[in-house]
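**Q** please find the sequence and the predicted model below.
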Amino acid sequence: MEEVLKTIQHITQRYGKDVLLEKRFLNIFNDLYPDRMDKEVHALLSCMYEKGYLKQILKARKRSLKKEVTLISNSLVKDGHAEKDVQQLLRAIVVGIGVATKQEYSDILNGGATNSESSNVALTITRYALLVLLMAVVIAMPYLYIRSLSILWPIFPITIIIAFCFIVYIAFYRKLSDKWSAFQNGCFNGSMFCLSALLAIFPLWASENSDCGLFYYWSPGYTKEQTDAWFLTMMCSLVVGLLLWATPLMAIIITSIDKKPSKAYKLKMVCGFVSAIICYFICIYPILTKPYNQKKAEINAYNQRIQKLKQNRQKINKSLSFCGIQLGDSFERCLSVVRANMNSPELMSGKYAGLDSDYSMVIDNKDYSLIVDSIIKAKTSWDNQDVNVYVYFNKGVNVAIKVTELTQDPLPLFISKYGRPEEDPILDLDYNKTLASNVENDQIQYIRESDSYLNYRENNRWTFKNSIIFIGSDRFNRYEYILYLSRNCEKLYSEYEQYTEKLEQEKRKQEQIKYQRQQREEAIERKREEDNHKRAINEI
């Protein structure tokens, strides 16, 4: 039966083990078996195929092999086959397809333990250990590559990856490729494909998207000025990726040309390949999205603190005053305080306020100076600087105070008295703006394209239940100003908008009536001209 054993080994190596499940196995065996006149062997194989015994042997494990062989042997002997021929053929099939070696088969049938059991376990562990290590390299590659961009250790990670991949390559094709299942082969090929594609494509993508946040978060040595990948690292990674593509391609070529695998074998290979790619994307996704998620969580926490601060502050009533002038005071009292404590007081009508930016009170694109009917302007000294003071009135009640021409930063004084100011929430996540951002004392400062810091004091405010403090700058950004605003102005401004809208509607209505009247008059005039023209024709 040695010829039978060699023939089965040759068939499984060329066509795969799953060929035993196909009917063509019998024809292939008949063509390759030297002794074609041995009818007993052909009859036994045909019987085993028809009854599904070949499938049982193919799926058998060593610990259940003795039971399977005994059941099959007893069944075939009952069918009239010689027991000696049955035993020898079963031995040839089991050893030929690699379920067990000759010595293991003998020991199993004799009830003894297999001498190579521990070695087989070690071999199995080695197979999966190599797969795990390979996937670890594939997953860690973006991190290693991004760190290499810091130019701290650029060639080292790629050198390690090259060495590891070729060690796996040699071990796979020299020792393990003939012992791995179709699924394991597919996993290996899929892993190598992912790694080679990553090495070849990621540097090119990364060099074009250096501001995506990956480099800033993953590479300690990376700075906002460094926007290009190191050329040598990028080219080395690209070349290695292209070279490593030979590994899965060679495996596919060997599988497709040197063998004629069954459909089941091909299906298992494809399943392993696809599984490796899916696992790769599942594992690599957190690495690629970590900068985005980290910045998003940071901004969400920042927005929550802003919202909480606003809600708590808007529950507090705060009486605001400046140099003895308090919001809500009457016109007479404010005028007396100005004349007593300030210089150069001036009285003016509020209808001119919206025409001059010095008098405007713009918050959230709303100019509250449009609702005032009178203004007191004066000069005084405050915090060792000469400033202009504007006191705004609506129907004789002080609704706002504005202090301009400041030469010193007033923000520290207001923070010490009223706490940190409120800021607008961050609605969008743009890495072009947040790449070099930092959080200090709950303040996020953005870097503009010109690399100059945006002055976050332009929009500082404190919103209380009955009043608002706003610190801004004039239209030329020369001086900062302080604005005290009564919350009653919001209601007054809303009424002003409604009144203005009503006037606009009335104006549009009058214009429409005027236009319609004009159209009617023009139609009458055209009719008169046509009648005159017809009359003139009749008169000649």
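**A** Structure received.
**Q** state the distance from the nearest residue to Tyr390 once chain neighbours are set aside to Val391.
**A** Nearest residue to Tyr390, sequence neighbours excluded (C-beta to C-beta, 6 or more residues apart in numbering): Lys402, at 4.2 Å. C-beta here means a position set from N, CA and C on the backbone, and glycine is covered the same way. Lys402 sits 8 Å away from Val391, going by C-beta to C-beta, to the nearest Å.
**Q** again with Asn460
**A** Distance, Asn460 to Val391, using C-beta to C-beta: 22 Å.
**Q** what about Ile401, is that helix, strand or coil?
**A** strand (DSSP: H, G, I helix; E, B strand; the rest coil).
**Q** ditto for Tyr484
**A** strand.
**Q** hang on, Gly299 is in a helix, isn't it?
**A** To be clear, residue 299 is Ile; Gly isn't right here. Yes. Assessed by three-state DSSP, Ile299 belongs to a helix.
**Q** pLDDT below threshold where in the stretch 301-450 of the chain?
**A** Counting by pLDDT under 70, the stretch 301-450 of the chain shows low-confidence ranges at 350-357, 424, 426-450.
**Q** all helices of it, in order?
**A** For the stretch 301-450 of the chain, applying DSSP state H, counting those that start in this stretch gives helices covering 331-341, 411-418, 431-434.
**Q** including mean neighbour count, could those go into CSV?
**A** Output for the helices of the stretch 301-450 of the chain, formatted as CSV (neighbours: other C-beta atoms under 10 Å):
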stretch, mean neighbour count
helix 331-341, 16
helix 411-418, 12
helix 431-434, 17
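**Q** Gly396 against Phe331, yeah?
**A** Yes. Under the criterion of C-beta atoms under 8 Å, Gly396 makes contact with Phe331 at 4.6 Å.
**Q** I'd like the helices of the stretch 301-450 of the chain written out as JSON lines, with distance to Tyr302 added.
**A** Output for the helices of the stretch 301-450 of the chain, formatted as JSON lines (distance: least, C-beta to C-beta, whole Å):
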{"stretch": "helix 331-341", "distance to Tyr302": "40"}
{"stretch": "helix 411-418", "distance to Tyr302": "18"}
{"stretch": "helix 431-434", "distance to Tyr302": "11"}
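**Q** so for Met48, which of those sits nearest?
**A** Of all those, helix 431-434 sits nearest to Met48, with 65.3 Å by C-beta to C-beta.
**Q** the nearest residue to Ile375 once chain neighbours are set aside - how many residues pack around it?
**A** Once flanking residues are discounted, Ile375 sits nearest to Met348: 5.1 Å by C-beta to C-beta, 6+ apart. Met348 has 13 neighbouring residues, counting by other C-beta atoms under 10 Å.
**Q** Met348 and Ala378, how far apart?
**A** From Met348 to Ala378 the distance is 12 Å (C-beta to C-beta).
**Q** could you chop the chain up by domain?
**A** Following automatic domain parsing, one gets these domains for the chain: 2-114, 118-300, 321-486, 494-540.
**Q** of the ones you listed, which shows the lowest average pLDDT?
**A** If the domains of the chain are sorted by mean pLDDT, domain 118-300 sits at the bottom with a mean of 66.
**Q** what sits up against stretch 519-533?
**A** By C-beta atoms under 8 Å, 6 or more residues apart in numbering, no surrounding residue is in contact with stretch 519-533.
**Q** which parts of that stretch are buried?
**A** Buried positions in stretch 519-533, judged by neighbour count with 16 or more other C-beta atoms under 10 Å: none.
**Q** ok, how many other residues are close to Asp373?
**A** Counted with other C-beta under 10 Å, Asp373 comes out at 15.
**Q** same check on the one 5 residues further on?
**A** The criterion is other C-beta under 10 Å. On that basis, Ala378 has 21 neighbouring residues.
**Q** what's it in contact with, if anything?
**A** Val338, Met342, Asn343, Ser344, Pro345, Glu346, Asn388, Val389, Val391.
**Q** sort out which one of the residues you listed lies nearest Val41 for me.
**A** When those are compared against Val41 (criterion: C-beta to C-beta), the nearest one is Asn388, at 113.5 Å.
**Q** residue contacts, the closest one?
**A** Asn388 touches Asp358, Lys377, Ala378, Lys379, Val403, Thr404, Glu405, counting by C-beta under 8 Å, 6+ apart.
**Q** if we use 7 Å, what do you get?
**A** Lys377, Lys379, Thr404, Glu405 (C-beta atoms under 7 Å, 6 or more residues apart in numbering).
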